[in-house]
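**Student:** Here is the input, now give the coordinates:
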Amino acid sequence: MNSTSATPTGNGYDLLVSRLDEWGITLYSGVTGGGVIHFLKHFPPFDADVDGRAALFTLGEYSAGFVPLGHYLASGKMAAAVATSGAATKLLTCGLSDAKLHDIPAVYLVPLSGAATEGLAPLQDTTRHGSNVPEQLRAECPDGVFLLDNISTLASTLTQARRQLDNAKPVVLVLMHEALVERVPASSPPLSPPEPAETDDIAVFLTQFRQAVSDKHLVILVGEEMARYKQASQMTEQLCQVLHAKAIWSINGANAVSRSNPYGYGYISFGGNDSSLSLYENLGENDVLMILGACPDEYTANLKKFSAANTFYLSNIRGAYGQIDNSFSHFATGEYHHVHAPLDSLLRSLTDEGRSEPFGNIPADIAPDYLNALPLTQPEAGYVNMAELYQRLDAWWPENSLGFDDVCLAYKDRQYVTQRPNDRIRFFSLYRGSAMGGAFGAAIGARLASPNSAVFVFTGDGCFRMFAGSMGEARDLGLTLFLLNNSRFSIVEQGLTQILPDVDPRNYHAEVRPLDYCALARASGWQAERLAVDLSNLHSLLAKCRTPGSVSMLIEVLVDPAHVLGTNPRVKNL
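**Tutor:** Down below sits the predicted model:
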């Protein structure tokens, strides 16, 4: 951030656009409309052949709300989503929910009805008499909603918003047209420099940690915050080897773990591997748990508290999702230590300290090759063997690829089958909000952020309903979408067979009407083919989707709705 930037001459819109540019935002996604036309007039349509300039990628609001999430996960760079008032705001901010729940910095821009229209029943009334948009947004993001309704305080308000973004939090900039068309006062302050980050004393942490691990077993839980650091997988592998500690990881934390890590015991909880589940379930008075930026959400910890004798939680995000008063002490049954500092600095310090003077923890055993207790099961005849498909794809993924698991069987089954991360592809799941179809918008954001990366999506026939109308806008992006077609909401149905075993299956309400998905995709300008049940055409389909300059590809996969692969411990909570 350039602290010497002067406030531009012009009106509030000019200042706003200038600040967003200084924040590095070049991608906007959404749909124009009456409330945002004066903001969006500053941007041309997105053009893949023009690099570096800020532009609008027009996309239906629901999918557009997830674009900034995929953009950030792929590149570490922020993006913005824009919608006009009314229903469009509600659709766009479905993505805001997941940005909050996954601590992803993203900018959402929505307008207000004019102040002078209050009480006059304006179209899409956002005042307290209508949808009361500011208070709705504040209910979800109390510190993340910024009203741009005063030209004299606009610069300082935007500085406050930037500080939220710097702490990995999304913000909503609420536009008041009457204020933004006013000229910026000459005395308006320039862009403020970022406040210096306060961190805890690493030396104190190292002393406490050394004392705690003496003659105890050490387990490291790797989370998605760790995955945002460069060379994260190399750092965690070095740490495990120096400390001789077992590692387990969350769904997205896998991106901070190398497949070659000899102490890797697998994914935890939802879709988790038996070795990691057993490890976490049996932590006790002889164990120390070190957590690298992992939220103990239900799909990670399954509502089970940290039961180790000592828990060290390492993070560089203040008030991250799940924390209470900047702490997870409420989640620990033993002694709890919260360490706030950049994770790469903490890991380097731990590794260097361990090399110079080994810690006194009990060395862990090398992880077994197979991390599950039972062999993989087979589907009924006439369906694709999903375990074999995941394994063959796992051996094929191109270098530097990106993948997204939608709210479908894939976000439970893929990691159970493959067991360990793949160093050639980073996979993401926005599972905390479980917004069906959100992976489509996230994949678009990732593709626009990293045009040289192959981007893959696993989605379900239920999820498909949420984004099918926006496929045309993505036809030239070269995405590959595996559509799992089993005519069911199978995540629900597979759970209900255990939760409600005596209920008539018709009352599960899990049926999804079959459609001609390939025809729908072709009508949107995509390539589309069905995968052969015996996988005989898999190689040729993958070759098509990797052809330079190819349009996006939908691959329909017939899936046995009753075939259970990955675990779903959450069933026990329902």
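**Student:** What part of the chain, helix or strand, is modelled with the least confidence?
**Tutor:** helix 490-499 (a mean of 88; mean pLDDT, DSSP states H and E).
**Student:** quick one, phi psi at the closest residue to residue 396 other than its chain neighbours?
**Tutor:** Leaving aside its sequence neighbours, residue 396 sits nearest to residue 542 (CB to CB, 6 or more residues apart in numbering; 6.4 Å). C-beta here means a position set from N, CA and C on the backbone, and glycine is covered the same way. The phi/psi pair for residue 542 (degrees, to the nearest 10) reads phi -70, psi -30.
**Student:** and if you look at residue 373?
**Tutor:** Main-chain dihedrals, residue 373, degrees, to the nearest 10: phi -80, psi -30.
**Student:** neighbours around it, how many?
**Tutor:** 10 (other CB atoms under 10 Å).
**Student:** Mind pulling the model confidence for residue 570?
**Tutor:** On the pLDDT scale, residue 570 is placed at 86.
**Student:** Give the helix, strand or coil label for it.
**Tutor:** Look at residue 570: counting by DSSP: H, G, I helix; E, B strand; the rest coil, its state is helix.
**Student:** what's near enough to touch the nearest residue to it once chain neighbours are set aside?
**Tutor:** Spatial nearest neighbour of residue 570, excluding adjacent residues (CB to CB, 6+ apart): residue 298 at 6.0 Å. Under the criterion of CB atoms under 8 Å, 6 or more residues apart in numbering, the contact list for residue 298 reads 269-270, 570, 573.
**Student:** before we move on, the earlier item: keeping just the C-alphas, turn the least confident helix or strand of the chain into PDB.
**Tutor:** Provided in PDB are the C-alpha atoms of helix 490-499 (Å, rounded to 0.1, in the frame of the first residue of the first chain):
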ATOM      1  CA  SER A 490     -26.800 -37.700  -1.900                       C
ATOM      2  CA  ILE A 491     -25.000 -36.000   1.000                       C
ATOM      3  CA  VAL A 492     -28.400 -35.700   2.600                       C
ATOM      4  CA  GLU A 493     -29.700 -39.100   1.600                       C
ATOM      5  CA  GLN A 494     -26.600 -41.100   2.700                       C
ATOM      6  CA  GLY A 495     -26.800 -39.400   6.100                       C
ATOM      7  CA  LEU A 496     -30.600 -39.900   6.500                       C
ATOM      8  CA  THR A 497     -30.300 -43.700   6.000                       C
ATOM      9  CA  GLN A 498     -28.500 -43.700   9.400                       C
ATOM     10  CA  ILE A 499     -30.300 -40.800  11.100                       C
END
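**Student:** Check which residues of stretch 284-304 are buried.
**Tutor:** For stretch 284-304, a neighbour-count test (16 or more other CB atoms under 10 Å) marks 287-302, 304 as buried.
**Student:** out of those, which are inside strands?
**Tutor:** 287-292 (DSSP state E).
**Student:** which one of these sits closest to residue 70?
**Tutor:** Ranked by distance to residue 70 (CB to CB), these are led by residue 292 at 22.8 Å.
**Student:** What is the host helix or strand of residue 165 packed up against?
**Tutor:** Counting by DSSP states H and E, the element that carries residue 165 is helix 154-166. Helix 154-166 makes packing contacts with helix 12-22, strand 145-148, strand 171-175 when contacts are defined by 3 or more CB pairs under 8 Å, 6 or more residues apart in numbering; DSSP states H and E.
**Student:** Show me the strands in the stretch 151-300 of the chain, by range?
**Tutor:** Per DSSP state E, counting those that start in this stretch, the stretch 151-300 of the chain carries strands over the ranges 171-175, 217-222, 246-249, 264-267, 287-292.
**Student:** Over to the stretch 401-550 of the chain?
**Tutor:** Using DSSP E, counting those that start in this stretch, the strands of the stretch 401-550 of the chain run over 401-405, 425-428, 455-460, 480-485, 527-530.
**Student:** Can you give the distance of the last one from its chain's centre?
**Tutor:** A distance of 28 Å separates the C-alpha centroid of strand 527-530 from that of its chain, computed with CA atoms, centre = their mean, to the nearest Å.
**Student:** what do you get for the third one?
**Tutor:** When distances are taken as CA atoms, centre = their mean, strand 455-460 is centred 14 Å away from the chain's centroid.
**Student:** That strand pairs with which strands?
**Tutor:** Using DSSP bridges, the strands paired with strand 455-460 are strand 401-405 (parallel), strand 480-485 (parallel).
**Student:** contacts for that strand?
**Tutor:** 397, 401-411, 414, 425, 436-437, 439-440, 443, 446-447, 477-484, 486, 489-490.
**Student:** Could you pull up the mean pLDDT of it?
**Tutor:** On average, strand 455-460 scores 98.
**Student:** Quick one: list the elements packing against the helix or strand that contains residue 71.
**Tutor:** Assessed by DSSP H and E, residue 71 sits inside helix 67-75. Where contact means 3+ CB pairs under 8 Å, 6+ apart, helix 67-75 is packed against strand 27-30, strand 80-82, helix 87-101, strand 401-405, strand 425-428, helix 438-449.
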